[in-house]
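Peer 1: Here's my sequence, what's the structure:
(chains A and B)
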Amino acid sequence: MNRAIFTIYRKEMKDMLRDKRALIAIVSYVFGFPLLFAFLFYLMADDRAADVKSLVAIDGMSEAPGLVAFLEREGFQVNEAEAEGVPTGLPAGADALIVLPDDYAERLKNGQSARVWLYVDETSKTTSERGSKVGAALMAYNQQVAGVRLITRGIPTGLMSPLQVQTADISKASFLNKVMGNMVMLLFTLAPFVVGLSVALDALAGERERQSLASLMALPISGGTVTLGKWAMVASFGLIGSLATMTVNLIALNLIPADMLPFALKVTAPGLMLAIFQMITLCMFVASLQLVVSIHAKSFKEGQTYMSMMMMVPAVVGYAKIYGDSKLPEFVNYLPIFSDMESLGSIFFSGVVDIELTLSAIIAGLVGTALCLTLTVKRLTSEHMLADA
Amino acid sequence: MIEINNIAKNFGTVQAVRAVSFTAEDGMITTLLGANGSGKSTTLRAVAGLLKPTKGTVTVDGIDVTQNPLAAQARLGVFPDQFGLYTRLTTREHIGYFAELQGLRGTERDKAVEEVTRLLHMEDILDRRTEGFSQGQRMKVALAGAIVHRPKNIVLDEPTRGLDVMSIRLLREILLGLKAEGHCVLLSSHVMAEVEVLSDHVVMVAEGVVCADGSPKSLVEASKQPNLEEAFVALTNAAISTGKTERNVA
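Peer 2: Predicted structure coming up:
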């Protein structure tokens, strides 16, 4: 039996390696998506490095040496600007514009309030964040001046600040990091689906379409042998494509400047080994799923329709994971694809292996594989199939 | 030797085969002769182990096909009515694949491929991919795959369909050669001239029932008709009109 499985596997591999459709699917997926992602990251990336100082333009700068000194201490670069009326845009290169009234120095000197205008650009997330930082700095300066006024009047500053709120971000990743990271994990997870699609269709639907199934099933080999040989070929194709996708993307992501990436990769050797092992079980499952679909199609074209419908499942699951992760119930993390994305994400982004997640991904893959292969063998050996083979 | 003992086959409410019994002996060419839809292909599929009869038994060299399909299939070479080829494989790879699945390995496999290639005069296409082959060339490749392991029993479902005169003549020579070597050859056909020339034993089938059984000559004589075609029409019409299930044995 094993020799017959190997014979079928070898023939199928040889056959599919000569199929241009199968090879184009691998090459385009493996090399196309890194380029697409690089372009996407470029569009999303901040146009300046994180350590570049934000530029604050001040109209009436000469009136506020204390404010300028404070802002510079806080890491801002301060420039003089002139604004007339309500500005329609920020001065070139500036992240915010502060307009001080003409009597700014006079009012502060007299212990009065001065109305200060802060103009920011909230067109994009980056410019909005930079504007907010300037706003926060102004508020801090406001507190400092207020504190000095209170001290000079003999009043403890603590009276005006009953609460001292300190905020710290304890999330593993920001929302953007999570979304982009999950997109890369979805890319890895979809690889066996895309790469194996054509070969899985050809393996069974193609066999029916070219009317070679009867000749094959009349040979002294069982339906299980035929199925296992073909499944091994589809899984191998999926695995080759997936590992190539993973390798090329990880290399490409490492080549992209860190400030252009919305997340940080933490690839370790044990993590990589575990990810490969997990991809093997995922490819086994996907190959078996594709064969179930393929066996129900009488032709390649009919199979393409079914496969397109089937492909919607991992895509929808992936997007649900990307955009609705926080709203999904806990148990979905133990379902195929969900668990794969979650586990691969923890391996590549946190650098920490969540063994429970990884194990659930592997077990879900193995159970799914056994179920799908059983269904394929049952269908392949059914009289309904062989009567019109 | 292939023995078919009173098989029937239903597909839901459709009764494709009602009662077919006959024996295909070694060293003889046995032909199932019948109109389209008479149950020939269903019978041959039951012999090949592709379908399980609703009732009755099929044995190949004494092995029950239903009980032990793989052992029976190992003694068969099957040339189905639809013979698709793997178009990205060469003829050699194609035949070698079937040889390996029949259990041949290494030099034994290579030798078998060479022999069947010589037998079917296909040396010129041996290392060509099968894509774009003519119907005759396709038939040769499919037949080579079916007989590469030199099975004792060979089943062919309408093997001359779609073939040109030269290919039919070649196929006839091959089948007669296999018969001379002592193989049991069972085929189906509705081409009278072919049946008359090739067959030692003709089994006439109509509406899933064997209505006559014997040598071409004896069937013509028993029906008192001038030729096999007239004999076939007379015998099958008589069976259909009377609804008889018992056969005429000539």
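
Peer 1: Check which helix or strand the nearest residue to residue B:211 once chain neighbours are set aside maps to.
Peer 2: In this structure, residue B:211 finds its nearest non-sequential neighbour in residue B:239, 3.5 Å apart by CB to CB, 6 or more residues apart in numbering or on different chains. Any C-beta I mention is one placed from the backbone N, CA and C, and that applies to glycine too. Using DSSP states H and E, the element containing residue B:239 is helix B:228-242.

Peer 1: The strand or helix carrying residue A:40 packs against which elements?
Peer 2: Per DSSP H and E: residue A:40 is located in helix A:20-44. Other helices and strands packing on helix A:20-44, by 3 or more CB pairs under 8 Å, 6 or more residues apart in numbering or on different chains; DSSP states H and E, are helix A:175-200, helix A:223-255.

Peer 1: what comes into contact with whichever helix or strand comes after it?
Peer 2: Heading C-terminal from helix A:20-44, the first helix or strand you meet, by DSSP H and E, is strand A:55-59. Contact with strand A:55-59 is made by A:64, A:67-68, A:71, A:76-83, A:90-91, A:93-100, A:134, as judged by CB atoms under 8 Å, 6 or more residues apart in numbering or on different chains.

Peer 1: got a pLDDT number for residue A:257?
Peer 2: Here the pLDDT value assigned to residue A:257 is 69.

Peer 1: oh sorry, the question was meant for residue A:53
Peer 2: On the pLDDT scale, residue A:53 gets 74.

Peer 1: I'd like the distance between it and residue B:208.
Peer 2: 92 Å (CB to CB, to the nearest Å).

Peer 1: More neighbours: those two, which one.
Peer 2: residue B:208 (24 against 13; other CB atoms under 10 Å in any protein chain shown).

Peer 1: Do you know the pLDDT at the more buried one?
Peer 2: Residue B:208 carries a pLDDT value of 88.

Peer 1: Am I right that it is in contact with residue B:11?
Peer 2: No - between residue B:208 and residue B:11 no contact is recorded; they are 11.3 Å apart, counting by CB atoms under 8 Å.

Peer 1: By mean pLDDT, flag the weakest helix or strand of chain B.
Peer 2: The least trusted helix or strand in chain B, going by mean pLDDT, DSSP states H and E, turns out to be strand B:248-249, with a mean of 50.

Peer 1: Quick check: buried residues in stretch B:91-107?
Peer 2: B:91-104 (16 or more other CB atoms under 10 Å in any protein chain shown).

Peer 1: among these, which two are most distant?
Peer 2: Farthest apart among these by CB to CB are B:91 and B:103. That separation is 20.6 Å.

Peer 1: Residue B:18 sits in which helix or strand?
Peer 2: Using DSSP H and E, the element containing residue B:18 is strand B:14-24.

Peer 1: Which neighbouring elements make contact with the helix or strand just after that strand?
Peer 2: Sequence-wise, the next helix or strand downstream of strand B:14-24 (DSSP H and E) is strand B:29-34. With contacts taken as 3+ CB pairs under 8 Å, 6+ apart, strand B:29-34 sits against helix B:40-48, helix B:165-180, strand B:184-189, helix B:192-198, strand B:201-206.

Peer 1: what pairs with strand B:29-34, and is each one parallel or antiparallel?
Peer 2: Strand B:29-34 pairs in its sheet with strand B:184-189 (parallel), strand B:201-206 (parallel), by DSSP bridges.

Peer 1: Kindly format the C-alpha coordinates of the first one as CSV.
Peer 2: Once non-C-alpha atoms are left out, strand B:184-189 reads as follows in CSV (Å, rounded to 0.1, in the frame of the first residue of the first chain):
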residue,chain,number,x,y,z
CYS,B,184,-9.4,-14.4,-21.6
VAL,B,185,-10.7,-11.4,-23.6
LEU,B,186,-14.0,-9.9,-22.8
LEU,B,187,-15.3,-6.9,-24.7
SER,B,188,-18.4,-5.1,-25.5
SER,B,189,-19.5,-3.8,-28.9
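
Peer 1: Output the buried residues of stretch B:91-107 in a markdown table; the columns should cover secondary structure, distance to residue B:174 and pLDDT.
Peer 2: Shown next, in a markdown table, are the buried residues of stretch B:91-107 (DSSP: H, G, I helix; E, B strand; the rest coil; distance: CB to CB, whole Å; pLDDT from 0 to 100):
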| residue | secondary structure | distance to residue B:174 | pLDDT |
| --- | --- | --- | --- |
| B:91 | helix | 16 | 95 |
| B:92 | helix | 19 | 96 |
| B:93 | helix | 22 | 95 |
| B:94 | helix | 18 | 94 |
| B:95 | helix | 15 | 96 |
| B:96 | helix | 20 | 96 |
| B:97 | helix | 21 | 96 |
| B:98 | helix | 16 | 95 |
| B:99 | helix | 18 | 96 |
| B:100 | helix | 23 | 95 |
| B:101 | helix | 22 | 94 |
| B:102 | coil | 18 | 93 |
| B:103 | coil | 23 | 91 |
| B:104 | coil | 20 | 93 |
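
Peer 1: what about residue A:115, which SS state?
Peer 2: Three-state call for residue A:115 (DSSP: H, G, I helix; E, B strand; the rest coil): coil.

Peer 1: Low-confidence bits of the chain, can you list those?
Peer 2: By default, I'm working from chain A. A:1, A:44-52, A:125, A:168-178, A:257-264, A:325, A:350-351, A:387-389 (pLDDT under 70).

Peer 1: let's do chain B instead
Peer 2: Ranges of chain B meeting pLDDT under 70: B:243-250.

Peer 1: domains in it, as residue ranges please.
Peer 2: Domain assignment for chain B by automatic domain parsing gives B:2-75+B:152-249, B:83-151.

Peer 1: likewise chain A?
Peer 2: In terms of domains, chain A is parsed into A:2-45+A:173-387, A:55-160 (source: automatic domain parsing).

Peer 1: Tell me which of these lies nearest to residue B:135.
Peer 2: Closest to residue B:135 of those, according to CB to CB: domain A:2-45+A:173-387, at 13.4 Å.

Peer 1: from the middle of its chain, how far away would the closest one be?
Peer 2: How far domain A:2-45+A:173-387 lies from its chain's middle: 17 Å, per CA atoms, centre = their mean, to the nearest Å.

Peer 1: again with stretch B:4-22
Peer 2: Centre to centre, stretch against its chain (CA atoms, centre = their mean), the figure for stretch B:4-22 is 18 Å.

Peer 1: Same question for that stretch: list its buried residues.
Peer 2: Here stretch B:4-22 shows B:4, B:7, B:8, B:9, B:15, B:16, B:17, B:18, B:19, B:20, B:21, B:22 as buried, counting by 16+ other CB under 10 Å.

Peer 1: The first one belongs to a helix?
Peer 2: Think residue B:4. No - according to three-state DSSP, residue B:4 belongs to no helix; its state is strand.

Peer 1: doesn't residue B:60 make contact with it?
Peer 2: No - Residue B:4 lies out of contact with residue B:60 (CB under 8 Å); the separation is 10.1 Å.

Peer 1: Common neighbours of those two, please.
Peer 2: Joint contacts of residue B:4 and residue B:60 (CB under 8 Å, 6+ apart) are residue B:47.
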